[in-house]
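*Asks:* Using only what follows, build the 3D model:
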Amino acid sequence: MGESSWAIDLEKQITTAEVDEEEIKRWVIDLEKNMEEEEMKTSRSIFKVPTQTTLLHKNAYEPNIVSFGPYHYGKSHLQLMETHKKKAVDYFLKNYGKPLNNYVKALEEVDQELRDSYENLDDEWKHREKFLKLMMFDGCFMLKILYEYKETLAKPGSENHDHFNFDPQLCLYIRRDMLMIENQLPLLGLVTLAAVQTGKSTVLFVLSFCYFLKLESNSKNSPYSNYINSTVFAEHTGVLNLPILIMDEITEISFLNLMAFERKAKGMGSAVSSFLAFMGSLINSEEDARFLRSKGIIQSTLGNDKAIVDCIKLLGKDMYFNPHSEMCLTQYRLNQYYLNSIKSWNKRLRDWSSNFMQTYVKNPWTLISLMVAGFVLSLTVTQTYYSIHKPK
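*Replies:* Numbers count the residues shown, from 1 in each chain. Here you go, the predicted model:
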């Protein structure tokens, strides 16, 4: 049987087809572009919060007083602080003796890395001069705030270091805004500016993190990575060790943004979300909150125990309990210990009941003796009571 005509035509097309070099070039360019985009994603550290998340907590992700970075820049209700940003730049130029050009050149050298830190920058920030100016003004303002707090730690009660003369309530709002995932500056930008100012690379991460996150563990020297891991259940003693949880006006904002960051950043895991889910399983009522306060585990300035429970429940709307996390394993061990304890008590009860039946019920005379002894004891108690409380 002869070969089908369509098969002959197909073979002819395959053997005689010329390679489309232009198509290959386009394919290579697209591949390289995709690889570059994936590489950029791994360098991103500042993200936008998904719309579905902001709908759950409308006020948790947008700053009230000051903007840092491009996402919220230019909004009308944040203009008050723009004057203070200019003051911060002027302060550094006058007090550190370095010309503005030094700062600009230093930022220009890391311009692309700074841009790559942000997710989905608008087209207006492709203008290099505008972007670097933003990094300069916002970065100097944030550095000034961090330096002033450092002075506060070094000289408690002193107010001479306060260049801005902010009242405590305004400082609380600024601190709150600096916790927001969309309201951040790249650490590289801060270190670059600090290096120009001081002539050396300044370690800012620990200072800013400890100050603004305000999480404290039982060991003051423990880094944050050990904070959650200090939650340990000792099965042989039945003791659950928990870190200190400080709950104040910014606790809700802190944790919501930390959980949002965990979901967006690659390789961050879900330690915070799992920890809060675990705490939520422990705190279901005001009595639970009161008990944890009495043990010093929760230190609260929220006013009452109901506020603690409400905060935990609100955070629960955005929680994800990673089944592979250390917290999930701890909860499993805790639940197993509880179930084993119940089984142990039930076994003791059954053994006691069986022993009682064997000793007293099986022999009727023994049971009768026990009943008589109980009756005599009740009469003795009644007689004693009325001898003390004689009717008038």
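
*Asks:* mind giving me the domain ranges of this structure?
*Replies:* Here the domain assignment for the chain is 35-210, 227-359, 362-392, based on automatic domain parsing.

*Asks:* K264 - how many residues pack around it?
*Replies:* Residues lying near K264 (other CB atoms under 10 Å) number 18. The way it works is simple: take the backbone N, C-alpha and C, and place the C-beta from them, glycine included.

*Asks:* ok now do it, which residues does it touch?
*Replies:* 47, 49, 119, 181 (CB atoms under 8 Å, 6 or more residues apart in numbering).

*Asks:* Do you have the helices of the stretch 51-200 of the chain handy? List them.
*Replies:* Along the stretch 51-200 of the chain, the stretches classed as helices by DSSP state H, counting those that start in this stretch are 51-56, 82-96, 100-109, 111-116, 128-154, 168-177, 187-198.

*Asks:* and of those helices, who's closest to A271?
*Replies:* Minimum separation from A271 across the helices of the stretch 51-200 of the chain (CB to CB) falls at helix 51-56, 18.4 Å.

*Asks:* mean confidence score for the closest one?
*Replies:* In this model, helix 51-56 has a mean pLDDT of 85.

*Asks:* Give me the contact list for that helix.
*Replies:* Counting by CB under 8 Å, 6+ apart, 60-62, 260, 317-318 sit against helix 51-56.

*Asks:* where's L242 relative to G296, distance?
*Replies:* 10 Å (CB to CB, to the nearest Å).

*Asks:* what about the two, which has more around it?
*Replies:* Shown here are L242 and G296; by other CB under 10 Å, L242 has more neighbours (20 against 10).

*Asks:* Could you pull up the contacting residues of the more buried one?
*Replies:* Counted by CB under 8 Å, 6+ apart, L242 has contacts 230-231, 292, 297.

*Asks:* Check K98 too.
*Replies:* 92, 196-197.

*Asks:* 7 Å - rerun?
*Replies:* With contacts defined as CB atoms under 7 Å, 6 or more residues apart in numbering, K98 is in contact with 196-197.

*Asks:* got the buried residues for stretch 130-149?
*Replies:* 131-132, 134-147, 149 (16 or more other CB atoms under 10 Å).

*Asks:* ok, V381 - how many residues close by?
*Replies:* V381: 9 neighbours (other CB under 10 Å).

*Asks:* Is it in a helix, a strand, or coil?
*Replies:* Using DSSP: H, G, I helix; E, B strand; the rest coil, the structure places V381 in helix.

*Asks:* if we can go back for a sec, how about the contacts of helix 51-56 in TSV, adding pLDDT, distance to P168 and neighbour count?
*Replies:* Shown next, in TSV, are these (pLDDT from 0 to 100; distance: CB to CB, whole Å; neighbours: other CB atoms under 10 Å):
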residue	pLDDT	distance to P168	neighbour count
A60	90	22	22
Y61	92	24	20
E62	93	22	18
A260	88	27	25
K317	70	30	10
D318	60	29	17
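
*Asks:* among those, which two are most distant?
*Replies:* Every pair of the contacts of helix 51-56 checked by CB to CB; the farthest is E62 and K317, at 17.6 Å.

*Asks:* Could you pull up the mean pLDDT of stretch 134-141?
*Replies:* 94.

*Asks:* likewise stretch 302-315?
*Replies:* Averaging pLDDT along stretch 302-315 yields 89.

*Asks:* Ok, stretch 290-298 next?
*Replies:* pLDDT averaged over stretch 290-298 gives 91.

*Asks:* Name the surrounding residues that touch it.
*Replies:* With contact meaning CB under 7 Å, 6+ apart, stretch 290-298 is reached by 242, 244-245, 247, 283, 289, 300, 305, 308.

*Asks:* Okay, strands next: where are they in the stretch 151-300 of the chain?
*Replies:* 232-234, 239-241, 245-247, 298-300 (DSSP state E, counting those that start in this stretch).
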